[in-house]
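Colleague: Give me coordinates for this.
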Amino acid sequence: MLIINEVISQQLSVIFTHCYGPYPIPKLVEIKRKQTSRLDPHFLNNKEMSDVTFLVEGRPFYAHRVLLFTASPRFKALLSSKPSSDSTCIEINYVKYPIFQLVMQYLYYGGAESLLIKNNEIMELLSAAKFFQLEALQRHCEIICAKSINTENCVDIYNHAKFLGVTELSAYCEGYFLKNMMVLIENEAFKQLLYDKNGETSGQNVLEDLQRTLATRIQSIHLSSSKGSIV
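Modeller: So this is what the prediction gives:
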């Protein structure tokens, strides 16, 4: 019976991949961030004229309210919870120091172009961007994940995206699953994702998500074909 089920799974994976089609997975697009205010990078983690200090992993990080107050609703709430004074100190318990430094560098430099993100930092930076409600940085991290996705890391990326509620990256991963299912159906991590209801993501929910993604893909191909182009 187990052998029969595996054969059926393999046949279904061929069908799913065929239905998804040979066209590329729709790309994630950078969000153009409107910088309401910025400071010269010279002031990054510079005590000079700083009026707020973050304590991250027991280490101080000096910052400036004028930049952070309009950066996101999360930063505004953090700053509003503390009175403005030279001794203002806000403890950050949920982000590692190097990751927080990348977040602040993004804000002070006014974009992600200057960021040097290591492979082992991208997931934590994505989590931090989501927490601090920095949508453009979050999307930048999603795009890096999408560009680096492969059969070995796709399940980890998907589980992380689902946990964070990052829908665009989740949908991209689902497209990757469908496009590469003939290979992934032999992958233990992918099989566990589909069948193990005790995992981070219920197998039933994954199948429902794949169904929706495939339906959207087929509809997109149909509409594009009727207009004479495939996207």
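
Colleague: Domain map for this structure?
Modeller: Here the chain is described, according to automatic domain parsing, as comprising the domains 2-32+149-224, 41-135.

Colleague: Tabulate those (a markdown table), appending distance to residue 143, mean neighbour count and mean pLDDT.
Modeller: For every residue, glycine as well, the C-beta is placed using N, CA and C. Listed next are those as a markdown table, based on distance: least, CB to CB, whole Å; neighbours: other CB atoms under 10 Å; pLDDT from 0 to 100:
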| stretch | distance to residue 143 | mean neighbour count | mean pLDDT |
| --- | --- | --- | --- |
| domain 2-32+149-224 | 5 | 16 | 85 |
| domain 41-135 | 10 | 16 | 90 |
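
Colleague: got CSV for the ones you listed, with distance to residue 142 too?
Modeller: Written out in CSV, the entries for these read as follows (distance: least, CB to CB, whole Å):
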stretch, distance to residue 142
domain 2-32+149-224, 4
domain 41-135, 7
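
Colleague: Using the three-state scheme, assign the residue lying closest to residue 138 once chain neighbours are set aside.
Modeller: Nearest non-adjacent residue to residue 138, counting by CB to CB, 6 or more residues apart in numbering: residue 129, 3.9 Å away. Classification of residue 129 by DSSP: H, G, I helix; E, B strand; the rest coil places it in helix.

Colleague: Over to residue 53?
Modeller: strand.

Colleague: in terms of contact, does it touch residue 88 like I think?
Modeller: Yes - contact criterion CB atoms under 8 Å: residue 53 and residue 88 qualify, at 6.6 Å.

Colleague: So the residue nearest to residue 138 sits against residue 143, correct?
Modeller: No - between residue 129 and residue 143 there is no contact under CB under 8 Å: 11.9 Å.

Colleague: Can I get the longest helix along the chain in PDB, CA atoms only?
Modeller: Longest among the helix segments of the chain by residue count, using DSSP state H, is helix 203-226. Included here for helix 203-226 are C-alpha records, laid out as PDB according to Å, rounded to 0.1, in the frame of the first residue of the first chain:
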ATOM      1  CA  GLY A 203      -0.400  19.400   5.800                       C
ATOM      2  CA  GLN A 204      -4.100  20.100   5.100                       C
ATOM      3  CA  ASN A 205      -3.500  23.800   5.100                       C
ATOM      4  CA  VAL A 206      -0.500  23.500   2.800                       C
ATOM      5  CA  LEU A 207      -2.500  21.500   0.300                       C
ATOM      6  CA  GLU A 208      -5.300  24.100   0.400                       C
ATOM      7  CA  ASP A 209      -2.700  26.900  -0.100                       C
ATOM      8  CA  LEU A 210      -1.200  25.000  -3.000                       C
ATOM      9  CA  GLN A 211      -4.600  24.500  -4.500                       C
ATOM     10  CA  ARG A 212      -5.300  28.300  -4.300                       C
ATOM     11  CA  THR A 213      -1.900  29.200  -5.800                       C
ATOM     12  CA  LEU A 214      -2.400  26.700  -8.700                       C
ATOM     13  CA  ALA A 215      -5.900  28.000  -9.400                       C
ATOM     14  CA  THR A 216      -4.500  31.600  -9.400                       C
ATOM     15  CA  ARG A 217      -1.700  30.500 -11.800                       C
ATOM     16  CA  ILE A 218      -4.000  28.800 -14.200                       C
ATOM     17  CA  GLN A 219      -6.300  31.800 -14.300                       C
ATOM     18  CA  SER A 220      -3.400  34.100 -14.900                       C
ATOM     19  CA  ILE A 221      -2.100  32.000 -17.700                       C
ATOM     20  CA  HIS A 222      -5.600  31.800 -19.300                       C
ATOM     21  CA  LEU A 223      -6.100  35.600 -19.000                       C
ATOM     22  CA  SER A 224      -2.600  36.300 -20.400                       C
ATOM     23  CA  SER A 225      -3.100  33.800 -23.300                       C
ATOM     24  CA  SER A 226      -6.400  35.500 -24.200                       C
END
